[in-house]
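Visitor: Fold the stuff below for me.
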Amino acid sequence: MRNALVLGLTLCSLGASAAEGWTAPYSLEGQQGRTFRVVFGKSAPEQVESRLGVMTLLGKKGLATARLQRTERVCQDLCDSERPTCHTVGVYTQEPDTADIGEGLAALPGRLQGKLSAPAPIEPGPSPSTKQWASKDFQVPVDESTPATPLPEGMLPQAYRWTPRADGSAVLDARHGGTEAYSPSVQLAECRQERQPPFTRLVCPSASFLYAKQQLLFASFDDYGSASTAWLATLQAHGQALYLLRVGLKTQAVPGLLFRDGARWRLLIRPADYPLLC
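Guide: Sure, this is the predicted structure:
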């Protein structure tokens, strides 16, 4: 489950269905003034200038379009092995007459018209109870990686539930799917409950869980990194509300785009496709 929107004209070339309206956001590696570094991954996509020549940058003060200036290879030796790990970034500069967006949060391909606003304030909630959260059924989170990796036939996806114990407490129970997963022992009594309408968050010593009412949207663990389900901003575009999150994955945190698609929730994320550990 360690795994997490492009405009229609770029969807087919990036491996998404033509019926899709959005794709996973790109991470930002740094910025200097009106110039931003967008993480492409291990290598830049083919025909990057025609497919990703324009990006919409999302920042704490708003959004603005930017043009690709060049691509750069970034290498670092993570393990003192003289075999550096490399990835590629795109260097983008905001187009003239666009406003200051402040601290950059993420990038979406293409020209996007919309409005970015701050998230709802966090409201402390009552202590989470076993009666409220315990369940007999496993819940499959709504996060989607890019590209998706299908599970082997007959293997169920990774899922989680709060399982009641005889002493009245509840503990997190994990059903592992087809990917390596880390799920520490988490006691519900050690967590705190927060409301951030329309979401509820359980924040535990080694994990964070984001819910829509009782539906689990995402679970994040301290697994070589920091657990995070932070809500960064809300994007209103094409008559739709999209929630930009900071999603803690194994070894890294990435931006994710959470939204309703008919009756279901979806969370689109783009994990690194290059090694981050020795």
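Visitor: just checking, what packs against the longest strand seen in the chain?
Guide: Among the segments of the chain that qualify as a strand by DSSP state E, the longest is strand 62-76. Packing partners of strand 62-76 (3 or more CB pairs under 8 Å, 6 or more residues apart in numbering; DSSP states H and E): strand 35-41, helix 48-51, strand 54-59, strand 85-94, strand 115-117. (C-beta placed from N, C-alpha, C; glycine too.)
Visitor: List the contacts of the nearest residue to Ser228 once chain neighbours are set aside.
Guide: Using CB to CB, 6 or more residues apart in numbering and skipping the chain neighbours, the partner closest in space to Ser228 is Gly248 (3.6 Å). Gly248 makes contacts with Ser208, Ser220, Phe221, Asp222, Gly225, Ser226, Ala227, Ser228, Thr229, as judged by CB atoms under 8 Å, 6 or more residues apart in numbering.
Visitor: Of those, which one scores lowest on pLDDT?
Guide: Least confident of the contacts of Gly248 in the model: Gly225, at 87.
Visitor: residues near that residue, how many?
Guide: Applying other CB atoms under 10 Å, we find 16 residues neighbouring Gly225.
Visitor: And the helices in this structure, which stretches?
Guide: 8-11, 48-51, 130-133 (DSSP state H).
Visitor: Lowest average confidence across these, which one?
Guide: helix 8-11 (a mean of 28).
Visitor: Quick check: bridge partners of the residue nearest to Ser228?
Guide: For Gly248, the beta-bridge partners under DSSP bridges are Ala253.
Visitor: Against Val39, how distant is it?
Guide: 16 Å (CB to CB, to the nearest Å).
Visitor: Report the buried residues of stretch 231-250.
Guide: 231-235, 237, 242-250 (16 or more other CB atoms under 10 Å).
Visitor: typo on my end, it should be stretch 187-202
Guide: Leu188, Cys191, Gln193, Glu194, Gln196, Phe199, Thr200, Arg201, Leu202.
Visitor: would you turn the helices and strands packed on strand 62-76 into CSV with mean neighbour count?
Guide: Compiled in CSV, the helices and strands packed on strand 62-76 are given as follows (neighbours: other CB atoms under 10 Å):
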stretch, mean neighbour count
strand 35-41, 20
helix 48-51, 14
strand 54-59, 23
strand 85-94, 20
strand 115-117, 14
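Visitor: I'd like these as TSV, with distance to Gly21 appended.
Guide: Below are the helices and strands packed on strand 62-76 laid out as TSV (distance: least, CB to CB, whole Å):
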stretch	distance to Gly21
strand 35-41	21
helix 48-51	17
strand 54-59	14
strand 85-94	23
strand 115-117	17
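Visitor: looking at the ones you listed, which is closest to Glu153?
Guide: The minimum distance between Glu153 and the helices and strands packed on strand 62-76 falls on strand 35-41, with 28.4 Å, by CB to CB.
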